[in-house]
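K.L.:
sequence plus predicted model, see below.
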Amino acid sequence: MMIRDYKPRVILVFIAFLILYSVIIVRLFLLQVSQKDFFKQLAQGQYQVELSITPPRGLIYDRYDRIIAFNKESPSAFVLPKEFNDPDEINPFLQKHFEDVYKKINYGPVRYFFWLDRKLSSEKFNEYKMFNMQDIHFVNEPVRFYPYQHLAHVLGFVNIDNQGIAGLELEFNKKLGGEPKVVKLQKDARSKRFYFERKIEKRGQKADNLTLTIDSMLQFFASDELKLASESLHFKSGSVLIMNPDSGEILAMASYPSFDPNQRYIKDLDITKNRVVTECFEFGSVIKAFLALAALEEGAVTPEEEIDCQGKVAFIDGFRVENWKSVNIVPFYDVIKNSSNVGVAKVAKRLGPKYYEHLRRVGFGEKTGICFPGEPKGFVNPPERWSRSSIFVMSFGYEIMSSVIQLGRAFSVIANGGHKITPVILKDDVGKYSKGPKLYKDKTIEQMKFILEKVGSNYPVKDYKIMGKTGTARLVKGGHYSNKDHNYTFAGIVEKGDYRRVIVAFVREPDKSALWASGVAAPVFKKVAERMVMYENKGD
């Protein structure tokens, strides 16, 4: 009987099993150690979506802590293409209602997440719920809300991602927006609902609040009076500025036409401009106030000096100058009161280039420094570029481009005793900028107030001193000054004891011709001033 030797076979089987277990061990090592991150990400990609969630924007308050911009929550709809439970249901729906998303899912690169519609109204949200699609999911997002439309030009607005794109929302976007947090959206295997994972990937940073110098009630008065005036004058645009000439605080800056910043889409972005700050114009005769200021300071004229305004038309150094009405020999204060172009042109000739120096001294041709986006420098024609007529036309407001806020700051120099100030719109900035050095003698300021009061007395506000100047300016159309299209301005000071306010009312292109600022902008000034003093001094 032959005895078999099983030892080689046992060894072979042992080696085979050893190799097999070695392969398993190596495989397990690769799966669980070497390539664990890859497979972990692969698994997570099938049931997790990473979202960047912007924190609620900071609140905005007016000077009396009234909330003028806050946040609400609104649902947004999205789909997860790699996790469709019923592709036969959702794909036809997307093809019909969201063709772009459908094409990107089926013909574009692989993506795990698509927004369908964001920040839905309650009506729109209910429509989605009626579709009863298990592959459409919802998540709440913060939505900016503005309760007062009359503040739209000041506050601006945000885009769909809550990023500021106009006004103070843009200027202080980083402060108001904070930093987003990153969270993971994860599917519950049983209910197939989605929730935010407790573990936050990135915590972000909380947003800051803003408190403005704006008084929302004064802003309403200014906006309301512009709207009322537009109903009879049908003008293209208008602005009203109210500021404290001592501190530089902006109390109101209204623009017309207005818009609703809560709209999802704003088609005409031109109406969203805050024209008080962002646009420059030739203001016309209102600039005569600064010709007078310069001439009085330089001793080129006295308030009582008689100036021959030569009736309706005069030629000065061969240049034709026309008065808007016939004015003859009058004291200089009546040259300003009657707004005689001939009279101021004669005084401007005495000043020469010094007039330019004074225009720059009160801030024309430079930014005011207000914290608001889009402020231009403006323009004052320098002496080296003057033509033969420049000194004359500049005396009644041409070849000088200024914004309403620059004009308001310039009038503040007269109102506060001769100091140039920096306009401020944040309450935290009040007192941050000290008054500039005294630019004009007390006597000059007193003389100017005396002259401006002769104009302002035509627009009385009971118990208050009104000092101001009108301005009517022709607009450039097609490269030439138009005979029918004009800007109208009234800039003035309201004063009683230590109480002082500067108001500028501006109206651009009413649909009626043969108008003057005294009948267009001055009434807006007067009505705003009356409502303002009644409101601010209601305890008197």
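P.N.:
That came through, no problem.

K.L.:
tell me the first helix or strand C-terminal of the strand ranked longest in the chain.
P.N.:
If you go by DSSP state E, the chain has its longest strand at strand 480-496. Later in the chain than strand 480-496, the nearest helix or strand by DSSP states H and E is strand 499-508.

K.L.:
what residues of that next one count as buried?
P.N.:
For strand 499-508, the neighbour count (16 or more other Cβ atoms under 10 Å) marks 500, 501, 502, 503, 504, 505, 506, 507, 508 as buried. Quick note: C-beta positions are derived from backbone N, CA and C, even for glycine.

K.L.:
where are the low-confidence patches of the protein?
P.N.:
Within the chain, the segments meeting pLDDT under 70 span 1-7, 10, 13, 17, 23, 26-54, 110, 183-204, 514, 538-540.

K.L.:
any idea which residue is closest to the centre of it?
P.N.:
Nearest to the geometric centre of the chain sits residue 167, at 2.1 Å (Cα atoms, centre = their mean).

K.L.:
what sits closest to that residue if chain neighbours are left out?
P.N.:
The shortest distance from residue 167 to any residue other than its chain neighbours is 2.1 Å, reached at residue 156 (Cβ to Cβ, 6 or more residues apart in numbering).

K.L.:
check contacts around the one you found.
P.N.:
Neighbour list for residue 156: 164, 165, 166, 167, 168, 169, 170, 171, 261, 272, 274 [criterion: Cβ atoms under 8 Å, 6 or more residues apart in numbering].

K.L.:
please apply the same query to residue 154.
P.N.:
Residue 154 makes contact with 167, 168, 212, 214, 219, 253, 274, 425 under the criterion Cβ under 8 Å, 6+ apart.

K.L.:
equivalent analysis for residue 288, please.
P.N.:
With Cβ under 8 Å, 6+ apart, residue 288 has these contacts: 336, 339, 344, 395, 396, 397, 469, 471.

K.L.:
export these to JSON lines and tack on neighbour count?
P.N.:
Shown next, in JSON lines, are the contacts of residue 288 (neighbours: other Cβ atoms under 10 Å):
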{"residue": "336", "neighbour count": "25"}
{"residue": "339", "neighbour count": "26"}
{"residue": "344", "neighbour count": "28"}
{"residue": "395", "neighbour count": "29"}
{"residue": "396", "neighbour count": "27"}
{"residue": "397", "neighbour count": "27"}
{"residue": "469", "neighbour count": "28"}
{"residue": "471", "neighbour count": "27"}
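
K.L.:
and which of the contacts of residue 154 is nearest residue 109?
P.N.:
residue 167 (37.4 Å; Cβ to Cβ).

K.L.:
wait, doesn't the closest one sit right on residue 158?
P.N.:
No: using Cβ atoms under 8 Å, residue 167 is not in contact with residue 158, being 9.8 Å away.

K.L.:
quick one on the thing from earlier: sort out which of the contacts of residue 154 are in strands and list them.
P.N.:
residue 253.

K.L.:
who wins for neighbours among the contacts of residue 154?
P.N.:
The residue in the contacts of residue 154 with the most neighbours, by other Cβ atoms under 10 Å, is residue 253 (30 neighbours).

K.L.:
right, and residue 532 touches residue 243 too?
P.N.:
No: counting by Cβ under 8 Å, no contact exists between residue 532 and residue 243, whose distance comes to 11.5 Å.

K.L.:
show me where the stretch 251-400 of the chain has its helices.
P.N.:
With DSSP state H, counting those that start in this stretch as the criterion, the stretch 251-400 of the chain has helices at 275-278, 288-298, 332-337, 341-351, 354-361, 390-395.

K.L.:
helix or strand right after the last one?
P.N.:
Per DSSP H and E, helix 390-395 leads on to strand 400-401 as the next helix or strand towards the C-terminus.

K.L.:
what pairs with that following strand, parallel or antiparallel?
P.N.:
In the sheet, strand 400-401 lines up against strand 379-380 (antiparallel) (DSSP bridges).

K.L.:
now do residue 390 against residue 298, distance only.
P.N.:
Distance, residue 390 to residue 298, using Cβ to Cβ, to the nearest Å: 18 Å.

K.L.:
out of the two, which sits in the busier spot?
P.N.:
Between residue 390 and residue 298, residue 390 has the larger neighbour count (other Cβ under 10 Å), namely 19 against 16.

K.L.:
got the contact list for the more buried one?
P.N.:
Neighbours of residue 390 in contact, by Cβ under 8 Å, 6+ apart: 381, 399.

K.L.:
with only the CA atoms kept, save stretch 342-352 in CSV.
P.N.:
What follows is stretch 342-352 as a C-alpha-only set of coordinates in CSV (Å, rounded to 0.1, in the frame of the first residue of the first chain):
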residue,chain,number,x,y,z
VAL,A,342,-25.1,142.8,-15.5
GLY,A,343,-24.5,144.0,-11.9
VAL,A,344,-22.6,140.8,-10.8
ALA,A,345,-20.6,140.7,-14.0
LYS,A,346,-19.3,144.2,-13.3
VAL,A,347,-18.3,143.2,-9.8
ALA,A,348,-16.7,140.0,-11.0
LYS,A,349,-14.5,141.9,-13.4
ARG,A,350,-13.1,143.7,-10.3
LEU,A,351,-12.2,140.4,-8.7
GLY,A,352,-10.7,138.6,-11.7
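
K.L.:
go through that stretch and flag the buried ones.
P.N.:
Using 16+ other Cβ under 10 Å as the test for burial, stretch 342-352 gives 342, 343, 344, 345, 346, 347, 348, 351.
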